[in-house]
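Trainee: need a structure here:
(one chain, ligands or ions: 1)
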Amino acid sequence: MSHPKILHAADWRWAIDRRCAECGTDASRLDLPTLAGLFRGSAPRFALALSAPGIKVRKDPGRWSVLEYCSHVRDLLSVTTGRIELMLEQDSPVFDDWNQDAAATHYETADPLEVADQLGGEARLLARTLESIDPTDVHRRGRRSDGTGLSILAAARYAWHDVAHHLYDVGA
Ligand SMILES: [Zn+2]
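Mentor: Numbers count the residues shown, from 1 in each chain. As a prediction, the model looks like this:
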């Protein structure tokens with residue numbers, strides 16, 4: 001019952017516009033085809049990280065284990081694809097809240113091979129979704145429940161920084 005809360009409390013919205021000083025990623029100018037390639041290319045790196053020893057160890061109490069970070073990335077990819085599909089289907093949809101802490105309660109008992117496999121599937125699905133988007137649709141928007149607006153392009157850039165930051169977190 002004592003799952004540490006908010007190991008991943010960061011709000012990366014600023015990272016849509018500028019370089020992250022910690023992981024060095026600058027997603028602010030990336031277009032959808034480039035982002036698709038980056039998401040696809042990240043999956044083998046996470047899979048490699050998951051195949052190393054000690055993936056369930058939290059090296060620092062304020063950080064997740066490799067397994068937890070990778071499980072989170074899998075879910076993040078899935079949520080991002082869902083939100084982008086919604087923005088393509090509807091005008092200015094409001095996204096469901098994603099409770100990251102509730103999702104994380106199952107991460108430490110996940111099967112690493114399954115996580116690697118699922119993460120790969122989600123990365124490919126997001127990449128295909130981005131590649132299928134007509135350039136005139138990249139500025140279609142959606143809103144989070146707190147009212148923050150986001151375009152498809154911004155959502156993809158936001159997700160890429162999040163994924164890249166976790167590549168950095170897991171040393172991949
Ligand atoms: Zn970063």
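
Trainee: what about Gly54, how many neighbours?
Mentor: 9 (other Cβ atoms under 10 Å). Using the backbone N, CA and C atoms, a C-beta is placed for each residue, glycine as well.

Trainee: ugh, typo on my part, it should be Ile133
Mentor: Other residues close to Ile133 by other Cβ under 10 Å number 19.

Trainee: can you pull the contacts of it?
Mentor: For Ile133, the contact set (Cβ atoms under 8 Å, 6 or more residues apart in numbering) comprises Leu32, Ile84, Leu88, Ile152.

Trainee: With secondary structure, distance to Ser51 and neighbour count as extra columns, can I get those residues in CSV?
Mentor: Shown next, in CSV, are these (DSSP: H, G, I helix; E, B strand; the rest coil; distance: Cβ to Cβ, whole Å; neighbours: other Cβ atoms under 10 Å):
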residue, secondary structure, distance to Ser51, neighbour count
Leu32, helix, 30, 21
Ile84, helix, 30, 25
Leu88, helix, 35, 16
Ile152, helix, 33, 22
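
Trainee: And the furthest pair within the residues you listed?
Mentor: Taking Cβ to Cβ as the measure, those span a maximum distance of 12.1 Å, between Leu32 and Leu88.

Trainee: Report the set of residues contacting both of those two.
Mentor: The contact sets of Leu32 and Leu88 overlap at Ile133, Ile152 (Cβ under 8 Å, 6+ apart).
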